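>>> Structure for the following, please:
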Amino acid sequence: MKHFLLILILVFTQLSCNIQQNETTILYVSTQIVEQPNGSKNQPFSNLEDAIKKASELKQKQVDLNIEIKMDSGDYNIENPILITPELNGISISGADASKVTIKGAKTLSPDWKPYNETIFVADVDPDLDFDQLIINETPQILARYPNYDETAQYWNGYAVDAISKERIATWKHPKGAFFNALHRGKWGGFHFVITGVNKDGTAILKGGQQNNRGSKPHEEFRMVENVFEELDSPGEWFLNSDTHKLYYWPTQDVNIETAIVEVAVLKNLIQVVGTLQDPVKDVTISGITFKYTKRTFMENYEPLLRSDWSIYRGAVLFFEGTENCIITNNEFTNLGGNVIMASKYNSGLEVKGNHIYENGASAISFVGDPSAVRSPSFNYAEYVDLKDMDTIAGPKNNLYPRNCLVEDNLIHRIGRIEKQTAGVEIAMAMDITIRHNSIYDVPRAGINIGDGTWGGHIIEFNDVFNTVLETSDHGSFNSWGRDRFWLPKRHVMDSITTKIPDMYTWDAIKTTIIRHNRFRCDHGWDVDLDDGSSNYHIYNNVMLNNGLKLREGFNRVVENNIMVNNSLHPHVWFANSEDVFKHNIVSDAYQDVGLLGWGKELDYNFFPNEVAMMKSQIYDRDLHSAYGNPMFKAPKHLDFSVAQNSPALKIGFKNFPMNQFGVQKEAFKAIAKTPKVPVIKDASENTSSPVVAWLRNQLKSVDSPEEQSAYGLNSAEGVIVLKIWKPSPAVKNNGIKKGDVILKANGKLVNNVQDFFKINVENTTNEMELVIIRNQSEKIIKIQTN
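Numbers count the residues shown, from 1 in each chain. The predicted structure follows:
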């Protein structure tokens, strides 16, 4: 009996301990001011900082105590970033609702405005204040700039060739401190500089440009300068003289300067959740809050993300490093100066769900590992490690990288308002990141970007990504690079190494990345762009609405059962042994190939718009079982590109997939989210005797009418017309083909039509070709490059 009683006592003691471990303490925060606040409902803290301090004290006394910080409706201007460390494991910070609770990185001012002139007012500010965002009545104002802000302008909301011309600089009394913003010369992102002085010749002395990992001179045309007093020349503009501590402002017509609420952004980040690999922060939840008003970060220290085109500031408004199983949900992020959410180095199980992220300066959500986890890393396009010096072990070197994280049901738009090398979701040096059911649009560069192959396993599914690459070029709604250990800028060396070690790409891309059930549209690049070296991808059941799929040199890309509206596959410089597969897809044009050493493992059972488009591939012994015709889309005007039951596309193995599951699923988001512009379907099945086809990214067609014979001054209705050229094409360079040329012979053989021309291309074993052409109704012999 005594033993039985002892067992009961032990059981009840354990139960009591478990109950105590699960005990939850709620700390309340309110904008109301009370005497002797203690965090209770009746005596709430008036700021989040005091609640965090109290939570830390409680956790020190009882480690397993669960703490919820509940914030009542109101605005909370924090003075310093909130730091959450491992001692606060399990804490949750929640607002009553994101529409009611706001955390701001701003300070409220009470300026004594005085007229400076007829339009501008001036006020003294605290000498210790340093800010680059002025907010009047909850509306951010415009830092004095040239040219003036224009919402309709494509680049920088207004650009000018003479932004920092000597003549313009000469009109400024104090150029020092001005910010010069310019696109990359190739429009591969942007640069930002501060003017530190003026040279003797009147040109600006610039410091900066660290924001892009592909160096170049600033673009000659797409330029903008700001933070210049003399450029304060329109309503809504402002300027802070940091020497005299005077704030100048030209109010807009709807602002009463006497009653206006004035705030200035003073913090770069708001909440930092920071642990270590050995002692991570666990189970932190942040929900139901709006985050607003932080400083811009484009002049901070940036680090290159391996050999991608990206450099990044390792910081964000919500910053997570060394964490496990944390959640960011049902928040709103707007008018923030830099990156919004970042998972840096070790993070496992981070979930970012149901957030609205818009009108922010840089990237929305970033997963960025530590380069120390990468074996034999290089940090610039031109850098590489020789094979004899290379670590040849597959996979990561340590655990300092994000893994098993989720980005789901977020509405992301109008980000990258300041910085241009940005994305809705950025992944670099990470593994097993899932990006699901997000709507991402109105962005300057990619909607989703994967910077390298390390280490794959990502799942990109059910997203709606469009209106991308709006201020840059040579990119896609989805973009990736794979400049991993196998990838070298010297192509002949890379060919040799990968031929000897065909599975070398798996040293870094150890897991397959899946892209499925997404809808993409890009009007200024490719819908999906797998650039330099991107390897080990499985791409299926996607709709690409405008510019198709680019696969540049890489390995093992399996592409099946996709729909490419008005476009096709763009195979660029494939390896001879790429092992690429392209099957059961519906395409709307011939393949747009450039510089291939091989045509992959399998290209077959695809559906083309017409016979000529299909025949181009068949000449290379590919697509021998493919077909052509009208795919019979059900309701393309309503973005439904599933095919009818009697569609001939079904005979080559294409299978319909759902067309109503793209993008956000949260009802509140679905009510406000945009959808892509409906494409106008090009009827490529018409005039099937001479459709337009691509060759080295130039557009060709067969001569097929007396009208064309007469127009081009031909002896017969035979030959191939060059309808459109692509200037970087090897066939165009060095006085090659021109628009309007008609090709009559190639390497001494008659060219009656495009089929003849493609056959001669296949037979050609060199990188040159001699053409007999008609140009301006005169016969001419030219030599062109084909690679």
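>>> contacts and neighbour counts: CA atoms only from here.
Fine.
>>> Could you identify the helix or strand that succeeds the lowest-mean-pLDDT helix or strand in the chain?
Scoring the helices and strands of the chain by mean pLDDT, DSSP states H and E places helix 2-21 at the bottom, with a mean of 48. Moving toward the C-terminus from helix 2-21, the next helix or strand (DSSP states H and E) is strand 24-29.
>>> Let me see the contact set for N606.
In this structure, N606 makes contact with 582-587, 623, 625-627, 652, judged by CA atoms under 8 Å, 6 or more residues apart in numbering.
>>> same question but for D589, I mixed them up
When the contact criterion is CA under 8 Å, 6+ apart, the partners of D589 are 566-568, 608-609, 613, 684, 693.
>>> can you list these in JSON lines and add pLDDT?
Rendered in JSON lines, the data for the contacts of D589 read as follows (pLDDT from 0 to 100):
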{"residue": "N566", "pLDDT": "95"}
{"residue": "N567", "pLDDT": "95"}
{"residue": "S568", "pLDDT": "96"}
{"residue": "F608", "pLDDT": "96"}
{"residue": "P609", "pLDDT": "95"}
{"residue": "A613", "pLDDT": "89"}
{"residue": "A684", "pLDDT": "63"}
{"residue": "V693", "pLDDT": "82"}
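>>> can you put these in a markdown table and add secondary structure and neighbour count?
Putting the contacts of D589 into a markdown table (DSSP: H, G, I helix; E, B strand; the rest coil; neighbours: other CA atoms under 10 Å) gives the following:
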| residue | secondary structure | neighbour count |
| --- | --- | --- |
| N566 | coil | 20 |
| N567 | coil | 23 |
| S568 | coil | 23 |
| F608 | strand | 28 |
| P609 | coil | 25 |
| A613 | helix | 26 |
| A684 | coil | 18 |
| V693 | strand | 20 |
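>>> Compute the distance between the residue most central in space within the chain and D432, please.
The central residue of the chain, meaning the one whose C-alpha is nearest the mean C-alpha position (CA atoms, centre = their mean), is A423 at 2.5 Å. Separation of A423 from D432 (CA to CA, to the nearest Å): 18 Å.
>>> circling back: now the contacts of N606 in JSON lines, with distance to W726?
As requested, the contacts of N606 are arranged in JSON lines below (distance: CA to CA, whole Å):
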{"residue": "F582", "distance to W726": "25"}
{"residue": "K583", "distance to W726": "28"}
{"residue": "H584", "distance to W726": "29"}
{"residue": "N585", "distance to W726": "26"}
{"residue": "I586", "distance to W726": "25"}
{"residue": "V587", "distance to W726": "21"}
{"residue": "D623", "distance to W726": "26"}
{"residue": "H625", "distance to W726": "31"}
{"residue": "S626", "distance to W726": "28"}
{"residue": "A627", "distance to W726": "29"}
{"residue": "I652", "distance to W726": "33"}
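>>> Run through the stretch 601-750 of the chain and note the low-pLDDT ranges.
Low-confidence regions of the stretch 601-750 of the chain, defined by pLDDT under 70, span residues 684-690.
>>> where exactly do the strands run in it?
Counting by DSSP state E, counting those that start in this stretch, the stretch 601-750 of the chain forms strands over residues 602-604, 607-608, 627-628, 633-635, 640-643, 693-695, 698-702, 720-724, 742-746, 749-750, given from the N-terminal end onward.
>>> tell me which residues in the next helix or strand after the last one are buried?
Right, strand 749-750. The first helix or strand that comes after strand 749-750 along the chain, using DSSP H and E, is helix 754-763. Neighbour counts using 16 or more other CA atoms under 10 Å place 754-758, 760-761 of helix 754-763 among the buried residues.
>>> what would the strands of the stretch 601-750 of the chain look like in JSON lines with distance to I78?
Putting those into JSON lines (distance: least, CA to CA, whole Å) gives the following:
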{"stretch": "strand 602-604", "distance to I78": "58"}
{"stretch": "strand 607-608", "distance to I78": "59"}
{"stretch": "strand 627-628", "distance to I78": "63"}
{"stretch": "strand 633-635", "distance to I78": "52"}
{"stretch": "strand 640-643", "distance to I78": "48"}
{"stretch": "strand 693-695", "distance to I78": "58"}
{"stretch": "strand 698-702", "distance to I78": "57"}
{"stretch": "strand 720-724", "distance to I78": "58"}
{"stretch": "strand 742-746", "distance to I78": "69"}
{"stretch": "strand 749-750", "distance to I78": "77"}
